[in-house]
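build me a model from this:
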Amino acid sequence: MKNQGENFSPQENQIRFLRIMHKSDFLITIKAACEKAEISREAYYKWFEDTDGFAKWYIAEAEKWLAAKLISVKSTVMKAALGGDKINNYQDRRLAIELMDKDFAVKKHNKIEIENKNAVNIDNDLLTKLDSIIEEK
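Presented below is the predicted three-dimensional model:
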């Protein structure tokens with residue numbers, strides 16, 4: 001791997017590829033994005049192999065994009081969890097809690113302290129059973 005590190009400057013076709021990924025919300029296949037960017041898939045994968053600078057740049061740009069979209073994602077999840085859309089189920093509410101979690105959502109193999117100071121072990125089997133009961137209702 002060639003080490004271009006901090007001195008990396010993306011080429012025009014690399015910027016064009018990233019813009020295509022952004023416009024598609026990263027929901028496009030690599031094959032389709034390469035076709036739109038008029039590059040070969042081999043060229044795309046070679047970018048990652050040949051320079052660590054490209055990989056660092058690409059990941060940083062993707063993370064910036066995700067950070068900008070995160071509020072919209074959280075808003076959509078909360079809307080669904082609160083019944084603001086026609087499809088509403090317990091997974092929406094569970095995802096909302098997990099996204100906003102400040103260590104109060106139950107996680108596998110955690111202990112929950114109860115007022116009488118007895119600890120209850122919550123395991124995956126119990127959570128799965130609870131999920132299936134909720135799903136049935």
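
residue 131 sits in which helix or strand?
helix 124-136 (DSSP states H and E).

could you export whichever helix or strand residue 35 is part of as PDB, CA atoms only?
Per DSSP H and E: residue 35 is located in helix 30-37. C-alpha atoms of helix 30-37 as PDB (Å, rounded to 0.1, in the frame of the first residue of the first chain):
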ATOM      1  CA  ILE A  30     -20.900  -0.100  -5.700                       C
ATOM      2  CA  LYS A  31     -21.500  -1.400  -9.200                       C
ATOM      3  CA  ALA A  32     -24.200   1.100 -10.000                       C
ATOM      4  CA  ALA A  33     -22.300   4.000  -8.400                       C
ATOM      5  CA  CYS A  34     -19.200   3.100 -10.400                       C
ATOM      6  CA  GLU A  35     -21.300   3.000 -13.600                       C
ATOM      7  CA  LYS A  36     -22.700   6.500 -12.800                       C
ATOM      8  CA  ALA A  37     -19.300   7.800 -12.000                       C
END
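
count of neighbours near residue 42?
Neighbour count for residue 42, taken as other Cβ atoms under 10 Å: 9. Heads up, the C-betas are built off the backbone N, CA and C, glycines and all.

let me fix that: residue 15
Neighbours of residue 15 (other Cβ under 10 Å): 14.

and for the one 4 residues further on?
Burial measure for residue 19: 14 neighbouring residues, criterion other Cβ under 10 Å.

so for the host helix or strand of it, mean pLDDT?
Residue 19 is part of helix 12-23, with elements assigned from DSSP H and E. Averaging pLDDT along helix 12-23 gives 93.

which residues does it contact?
With contacts defined as Cβ atoms under 8 Å, 6 or more residues apart in numbering, helix 12-23 is touched by 10, 28, 33-34, 36-39, 43-44, 47, 54, 57-58, 61-62, 65.

again, 6 Å this time
33, 36, 37, 39, 61, 65 (Cβ atoms under 6 Å, 6 or more residues apart in numbering).
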